[in-house]
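1. Sharing a model that was predicted from the sequence below.
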Amino acid sequence: MRFASKPAGHSANRKTALRLLARMKALKPERPGMHRVRTRIVVFFTVLLVLVQGAAFLLVNAANSDNARSIGDQELATGERIARRALEHESDRLAKGALAYDEAFVREIARLTELQVSFAVREPGGPWSIAASTLPVASRATLAARLPEASVLRDGRAQVTLEGRDYQIRTLKASPEQGTEIMAVLQRSPRDTLARTAELQTLLMGLAAVSLGGSLIGSIFIARGITGPLNRLAKGAARISRGDYSQPIEIATGDEIGAVAQAFNRMREGIESHEKEILRLAYEDRLTGLPNRALFNDRLAGAVNLARRNGTPLTVMLMDLDRFKHINDTLGHTIGDNVLREVATRLRAALRESDTIARLGGDEFGVLLPTGNEDQIGEVVHKILRAIEQPIEAEGQWLDVGASIGIARFPEHGDKPDTLISRADVAMYLAKAANSEFAFYDATHDGTQQEQLSLLGELRRAMERQELRVYFQPKIDLRTGRTRGVEALVRWMHPMRGVVPPIEFMPFAERTGFVRTVTRFVLETTLTRCGQWLAQGMRLQVSVNISVRDLQNTDLPDIVASLLASCAVPPDLVCLEITESSFMENPQRALHTLGRLRALGIRLSIDDFGTGFSSLAYLRKLRVHEIKIDRTFIAAMEESDDMVIVRSTIELAHNLGLKVVAEGIEDEKSLARLRAMGCDEAQGFYMSRPLPEERLLEWLQTSPHGLRGGDVRTLPLLRYA
């Protein structure tokens, strides 16, 4: 038997895992732009480095500018001292006006001071003019124009712009107090100072570019080191979400990402394990290890589709164990479970690998055969029956378990899975009804069963519509010839079908449990009539049949006690009739219920005595008051064997202190023979058919088997209820 690898369609752990998988899916590597973690990491580090390098460059540049100005001031101060000494050296000649301010003298001072040097002269009250200078010719006139502003500044310091170029200047007088003014002008451009740091700036910019490139490359590698494992985790999550648990996520790093990958792999293994267990629980019967109903239906659907495409037949068999409920109720569920496991083991051994055997529930098994050949089906059926018919040992007890098998074939009996199962089920109940080990589906029987099921559905509505009636059949005392009691029998007055006998609907009502409602209705009606008759002076014992379901109802004694009190009926006027099979279903509960009923003072009777198997063994335990010989023995009393059975039953019952009632009396000859055998009471069509209450009361007054043997003068005046 093969199990499905996956359902055709979990726990708190699974929900948590699915939430994690959903989050991992958000890390899809194909998402473009800034949605990618790698891009965000690279852009972040690049922008951060550019900002830092830019800020550093601006700070360095500003510092260089300030430094250049400071150096310029220092150089100007130094140049001023040098120029002052040079002028002092020539002071005598200056005083005599003998010094010639020529280009050579200016270049000499410029060489000593490493500054730009100009000499400006001005007549008293006149403008300044440049006599000699190391500046370009175009800049000299501009300098001469700016000297009035510079000369009045403190310490002779000033800053001028000549031809778009900034200069720091210092002035010092080079002539006496009176006469022509001579002023030495020292100039220094900060750009010249910065030019000396140009190589340093170039080096710094190169280092900035190298660091930017290195940072970019490093951030790419770091981003790959982070997002690569994350992408593999995301792909693994996608595989798991598709149900693929075959490949682990291989991340060999020993860092936190590696730890996450290991945890993810453990989660994958856990989900795989849980899902396999869920699949096993969903498709395997836990008790026997066989496929369950869900898997059987799944395989059947696949087999039907394949058979329909290929035009090949297949067979569905449903099997129900006989006497299993009795074993389960008598010996306990533990023994019952052991029996089911043993049956499953035997069925596995009896069937081939290509066949499917499943436990559908309770003691019901299903078999799927890839064949429609009747001979092959018969061979498989006999193998199953031979395997099951061998006694099963359970805790030292040997138990006999039989089986009833229903068979439906595709496409002869149906071309859909549900139809095949339904019709195999019909065939199984047909086999049970016929006491046969197996049966093929029969369409005529299916129609009858569907009609009975339809009646069962209408029966529930019949209770509401008051379509059920209680009929009464007289029970005659054979010693006096008079009616001693009546048996209550239910009839259904169907608006369309007419009178429906109980044999057509009570078995299905009993199977569904609705029989308890019907029994209560009959008890209430019968005891109400019994109380009314007693109040009118007519003492009649009433007998009511109770079913298997009723006897298993622990509330039945309380219901009967309540009705006895409300209807004012003495307990000895009520007799409850039970069948042998009713106390065989669950002997312990049945005996307990019967004991409580007997304690109420009501009478108990075994109906259809002789048709079961265990009456004699239970007579002492049941402590009933009477037995009713089944009509089949009465009808065949002409045959010597049945005559002996009836006579022996009467003698046995009398020896046990029990009364005997014979049912099914059809003629005077049978009545006379039973009277001669010592039978106590009788009922049958010869005396009276079941009658509604109105006709029963009329019959009791007029029939020779009535209350007074036909002497109506002594009968009380009876009123119809």
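-> Happy to help now that I have it.
2. Next, the closest residue to S219 other than its chain neighbours: phi, psi?
-> The shortest distance from S219 to any residue other than its chain neighbours is 3.7 Å, reached at F45 (Cβ to Cβ, 6 or more residues apart in numbering). Yep, even glycine has a C-beta here, placed from its N, CA and C like the rest. Main-chain dihedrals, F45, degrees, to the nearest 10: phi -70, psi -40.
3. Give me the distance from stretch 323-340 to the chain's centre.
-> Relative to its chain's centre, stretch 323-340 lies at 31 Å (Cα atoms, centre = their mean, to the nearest Å).
4. swap in stretch 312-323?
-> What separates the centre of stretch 312-323 from the centre of its chain is 30 Å, taken as Cα atoms, centre = their mean.
5. What are the buried residues along that stretch?
-> Using 16 or more other Cβ atoms under 10 Å as the test for burial, stretch 312-323 gives P313, L314, T315, V316, M317, L318, M319, D320, L321, D322.
6. Pick out the most distant pair among the residues you listed.
-> Across the buried residues of stretch 312-323, the longest distance by Cβ to Cβ is 28.4 Å; it joins P313 and D322.
7. pLDDT averaged over the helix or strand harbouring V60, what's the number?
-> Per DSSP states H and E, V60 falls inside helix 37-89. Computed over helix 37-89, the mean pLDDT rounds to 75.
8. Which secondary structure elements does it sit against?
-> For helix 37-89, the elements it packs on are helix 103-113, strand 165-173, strand 181-188, helix 190-195, helix 198-241, judged by 3 or more Cβ pairs under 8 Å, 6 or more residues apart in numbering; DSSP states H and E.
9. Looking at the ones you listed, spot the one closest to Y471.
-> It is, among these and with distance given as Cβ to Cβ, helix 198-241, at 69.3 Å.
10. Which neighbouring elements make contact with the closest one?
-> Counting by 3+ Cβ pairs under 8 Å, 6+ apart, the packing neighbours recorded for helix 198-241 are helix 12-25, helix 37-89, helix 256-283.
11. For T632, which of those is the nearest?
-> helix 256-283 (48.7 Å).
12. Please work out the average pLDDT along the helix or strand following that closest one.
-> Sequence order places helix 293-310 as the next helix or strand after helix 256-283, per DSSP H and E. Helix 293-310 comes out with an average pLDDT of 92.
13. Name the residues that touch helix 293-310?
-> 3-4, 7-8, 282-284, 291, 312-314, 316, 356, 358-361, 366, 368, 370, 410-411, 415-417, 420-421 (Cβ atoms under 8 Å, 6 or more residues apart in numbering).
14. Just the buried ones from the residues you listed?
-> Counted by 16+ other Cβ under 10 Å, the contacts of helix 293-310 give 283-284, 291, 313-314, 316, 356, 358-360, 366, 368, 370, 410-411, 417, 420-421 as buried.
15. Which helix or strand contains T649?
-> Applying DSSP H and E, one finds T649 within helix 640-655.
16. And the contacts of stretch 536-546?
-> In contact with stretch 536-546 (Cβ under 8 Å, 6+ apart) are residues 472, 475, 483-489, 519, 522-523, 526-527, 529-530, 533-534, 556, 572-578, 582, 603, 605, 607, 700, 707, 716-719.
17. Would you indicate which residues of that stretch are buried?
-> For stretch 536-546, the neighbour count (16+ other Cβ under 10 Å) marks M538, L540, Q541, V542, S543, V544, N545, I546 as buried.
18. ditto for stretch 39-48
-> I41, V42, F45, T46.
19. Just the ones of the contacts of helix 293-310 in helices?
-> A282, Y283, P417, L420, I421 (DSSP state H).
20. rewinding a little: and which of the buried residues of stretch 39-48 is nearest to I405?
-> Using Cβ to Cβ, the buried residues of stretch 39-48 come closest to I405 at I41, 71.2 Å.
21. my guess is the closest one meets R224, correct?
-> No - the criterion here is Cβ atoms under 8 Å, and I41 misses it with R224 at 9.2 Å.
22. what residues are up against G206?
-> Neighbours of G206 in contact, by Cβ under 8 Å, 6+ apart: none.
23. Same list (the helices and strands packed on helix 37-89) but as a markdown table, adding distance to Q247 and mean pLDDT.
-> Output for those, formatted as a markdown table (distance: least, Cβ to Cβ, whole Å; pLDDT from 0 to 100):
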| stretch | distance to Q247 | mean pLDDT |
| --- | --- | --- |
| helix 103-113 | 82 | 81 |
| strand 165-173 | 72 | 78 |
| strand 181-188 | 75 | 81 |
| helix 190-195 | 64 | 70 |
| helix 198-241 | 7 | 74 |
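24. Okay then, goodbye and thanks.
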